[in-house]
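Asker: Quick one, what's the 3D model for this:
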Amino acid sequence: MKVGLAGTGWRAQMYVRVMEALGADYEISAVYVHSESSKEREEKNFPGKVYTDYDAFLETKPDCVIFMLKYGAALPFAEKAMEHGIPVFCETPPATTVEELNAWYQAKERYNGKVQVAEQYCFQPYYQALIKMIEDGKLGTVSNLELSQAHDYHGMSIMRRLLGVGMENCKITARTYEFPVNYHCGREGLHRGEKTIMDTRKRAEFVFSNGKVGFFDFACEQYFNYFRTRHLNLQGDQGEVYDQQAAWLGEDGYPVQGTIVRDELGQYSNLEGYGMRSLRLNGEILYYNPYVDRDLRLTDEEIAIAQMMEGMKAYVETGKEVYPLEEALQDTYLFLMMDEAAKEGKEIQTEDQCWKK
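Answerer: Okay, here's the model as predicted:
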């Protein structure tokens, strides 16, 4: 698949690394940047493939374009790609307002566009393991989720997937708080941590029309800060998961307890290589890393991105969806409504939007 890349920031570079790891099935055939200085820098990585003229970039006719542009900037560029019949793969979130979300869907309808969104979180191994437990009926009927592992639209994606609420409407209440924390780690890696910052913690409650409830609690420092860990509690009528601990009703009517364990290669004199092979619960495989047998040593985030890229390739070739635009629009809509509820200090009732099927 010949991939056109619009944007070359931190997230885009992660996608480039994953495509390089996946090998000959992917080629970065053209790169679009906004300035001559960016072009000069990226020419070292993609000689002869870098464009500041967007029309010239599209004229290279990539099999799809990955948009990794600034928050809310992608729509006019994506719309032009749709007009040229080029499949679109957009980084999250696709828009900054409800009006822009509707404009995305209207553009897709107008051009019969092929659009998918790079919402990879649910493809991370841990969430795939939880989805397997739900599908196997271990937890019974899931009723509520307390999520403190991912921010905003990523959190909404996980919440809707694990609760199984689809496009259902909900009532939202939310508040934000400011707390101090030592800033000792970020995208640049670990450092001396010589300053303290104020970190915004967001807490919200989503009561869906079918009675299921999502409790959201997150502060952005949880991604990198070693003093701010991540947590998840998923409850069904016959079982529960709390982080890596699980309990459920056994076939004999007695409760069973277990721990979700990473089968990690390369530790304690293991010579099979390195990387995560599987996630297991009392010996049962909940998730098997599809790349470990291909000798691709990827982080959990990279595994999820690789799944997204392979899903996008299948979508271009067969039309089978990997993460439809409509799903991402709903994720972003709920996150925007959460922020509105926090800002206004009142309960918000969500409403059907034009993308609801």
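Asker: isn't residue 217 right next to residue 228, touching?
Answerer: No. Using Cβ atoms under 8 Å, residue 217 is not in contact with residue 228, being 11.3 Å away. C-beta coordinates here come from the backbone N, C-alpha and C atoms, glycine included.
Asker: Which residues are in contact with the residue of the chain positioned farthest from its centre?
Answerer: The C-alpha centroid of the chain is most remote from residue 252, which lies 37.9 Å away (Cα atoms, centre = their mean). Not one residue lies near residue 252 by Cβ atoms under 8 Å, 6 or more residues apart in numbering.
Asker: Assign it to helix, strand or coil.
Answerer: Under DSSP: H, G, I helix; E, B strand; the rest coil, residue 252 falls in the coil class.
Asker: Pull up the per-residue confidence for it.
Answerer: On the pLDDT scale, residue 252 is placed at 94.
Asker: how much space between it and residue 245?
Answerer: 21 Å (Cβ to Cβ, to the nearest Å).
Asker: Show me what residue 264 is bridged to.
Answerer: Counting by DSSP bridges, residue 264 forms beta bridges with residue 276.
Asker: Kindly provide the distance from it to residue 93.
Answerer: According to Cβ to Cβ, residue 264 and residue 93 sit 33 Å apart.
Asker: same check, this time on residue 249
Answerer: Distance from residue 249 to residue 93, by Cβ to Cβ: 38 Å.
Asker: For the two, work out which one has more neighbours and name it.
Answerer: Neighbour count, other Cβ atoms under 10 Å: between residue 249 and residue 93, residue 93 has more, with 24 against 17.
Asker: Please list all residues in contact with that one.
Answerer: Per Cβ under 8 Å, 6+ apart, neighbours of residue 93: 71, 72, 152, 153, 328, 331, 332, 335.
Asker: would you list those in TSV and tack on neighbour count, secondary structure and pLDDT?
Answerer: Output for the contacts of residue 93, formatted as TSV (neighbours: other Cβ atoms under 10 Å; DSSP: H, G, I helix; E, B strand; the rest coil; pLDDT from 0 to 100):
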residue	neighbour count	secondary structure	pLDDT
71	11	coil	83
72	12	coil	84
152	20	helix	96
153	24	helix	95
328	27	helix	96
331	28	helix	97
332	26	helix	96
335	23	helix	97
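Asker: burial of residue 273, as a residue count?
Answerer: 11.
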